[in-house]
Every structure is written in C-alpha cells, then in structure tokens.
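J.: Structure here, sequence nowhere to be found:
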C-alpha cells in the first residue's frame, strides 16, 4: 500500500471525492440513513465548513484512489459549534476567536483501509502545522458500539459533554484535546 496524503484548501477541487466517500461509508457501510445523512445535507454542511477562513482537508490517495479524508475549520467568534451543547461548561470555555480551537469536522476512511492506521495518519497530518491551541470533534457514541469514541480517547481526546448540532442529528459526544498530543496509537488499536 503506497498512500500519499495531500492537503487541500479549495473545496471545489475535492468536493466530489469527499461527498462520495462520506456517502459510501456513512450510508452503505454504517447504514446511517435519513435526511441528516443525505449527500445533499452533507454537501451543504461541507459548504458551510469550507466557507470559513482556515478550512483545510487532507485526502489520502492509494495509487491515485481516494482512501479517506479529514477536514477541519478554526472556530471563529460567531461560531455556532457550541450552541447545541447539552452539558454546562465552565465560563469562557466556548469563547472563540479564530485561533483558539480547531474543529475536526469529519474524518472518514473507506472500508479497505480501515484498521491500517490510516485514520490516525490522516488525523496527525491534518494537525501538523496548525497553530490553534486545541482541537475538538463530535462522535456518535453509538458508532461501532462505542469503538469509534474509544479510538479518539486513545488519540488523547476527552469527552466534555453531549452536543446536538441540528434538530434531526444524533446527540454526539463532544470531545477535545490539546492540538499537540504526545499520545500515539498503541499497536493493536489502530483505526
């Protein structure tokens, strides 16, 4: 397996690959259906995320074939990221200025490459060179019977509460960690 990671800052160059992988994995592999998981709704969310300053994606290519991706956006002062939080957080915790917190909006790896460590490799490559203090993500605690959340915990993320970003979305576990983590992925726990 010869995997190349490429950084992208123009969503239109990679929109089709990102949406196609998302639909393949979320709908076909994981059976997530409904309007929230439709290609149109995901593409709309992608447009919203990528329209913010600092948006960046990393796509993994194996011999030219997209194998997975991750993308992230810094949270600006008027972010709605924290507005669906169901858990009280300390004063100031959700104050954003565009340089404090990076939101890892999506990380998705196609079936053939799962379990190879590619997700972690994409994740770490995306964070390399970023200057934010911390990184946050949302994970469905039911995904993989909790295994997906456990992977993020091994990567250094801690759950800070529950968040429902849209009325028709699942309630996600909101997780956060310092941008720079000294944690690796121990052998046998790859994603």
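T.: Good, I have the coordinates. Here the structure is a predicted model, which means the values were calculated and not measured. Numbers count the residues shown, from 1 in each chain.
J.: okay, CA-based contacts and neighbour counts for the rest of this
T.: Will do.
J.: what's near enough to touch the spatially closest residue to residue 72 that is not a sequence neighbour?
T.: Excluding the flanking residues, the one nearest residue 72 by C-alpha to C-alpha, 6 or more residues apart in numbering is residue 104, at 4.3 Å. Listed by C-alpha atoms under 8 Å, 6 or more residues apart in numbering, the contact partners of residue 104 are 70-73, 135-138.
J.: Narrow those to those in strands?
T.: Among these, the members falling in strands (DSSP state E) are 70-73, 135-138.
J.: now, among these, which is nearest to residue 32?
T.: Using C-alpha to C-alpha, residue 138 is the member of the ones in strands among the contacts of residue 104 that lies nearest residue 32, at 15.9 Å.
J.: Next, the contact list for that closest one, please.
T.: Neighbour list for residue 138: 104-105, 163, 172-175 [criterion: C-alpha under 8 Å, 6+ apart].
J.: Make a ChimeraX selection of the buried ones in those.
T.: Applied in ChimeraX, the following selects the buried portion of these according to 16 or more other C-alpha atoms under 10 Å:
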select :104,105,163,172,173,174,175
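J.: got a list of what residue 20 touches?
T.: Contact analysis of residue 20 by C-alpha under 8 Å, 6+ apart lists nothing.
J.: Which of the ones in strands among the contacts of residue 104 sits closest to residue 5?
T.: Looking across the ones in strands among the contacts of residue 104 and measuring by C-alpha to C-alpha, the closest to residue 5 is residue 70, at 10.5 Å.
J.: tell me the SS of the nearest residue to the closest one once chain neighbours are set aside?
T.: In space, and not counting its chain neighbours, residue 70 is closest to residue 107: 4.1 Å by C-alpha to C-alpha, 6+ apart. Three-state call for residue 107 (DSSP: H, G, I helix; E, B strand; the rest coil): strand.
J.: Residue 107: how many residues sit nearby?
T.: Residues near residue 107, counting by other C-alpha atoms under 10 Å, number 20.
J.: residues contacting it?
T.: By C-alpha under 8 Å, 6+ apart, the contact set of residue 107 is 68-71, 119, 123.
J.: Okay, residue 61 and residue 44: tell me how far apart.
T.: 24 Å (C-alpha to C-alpha, to the nearest Å).
J.: who has more neighbours, these two?
T.: Using other C-alpha under 10 Å, the more surrounded residue of residue 61 and residue 44 is residue 61, with 17 against 12.
J.: just how off-centre is the helix or strand containing that one within its chain?
T.: Applying DSSP states H and E as the criterion places residue 61 in strand 56-62. Offset of strand 56-62 from its chain centre (C-alpha atoms, centre = their mean, to the nearest Å): 13 Å.
J.: Same question for stretch 103-123.
T.: Centroid displacement of stretch 103-123 relative to its chain, using C-alpha atoms, centre = their mean, is 9 Å.
J.: Distance across stretch 140-147, terminal residue to terminal residue?
T.: Counting by C-alpha to C-alpha, you get 10 Å between the two ends of stretch 140-147.
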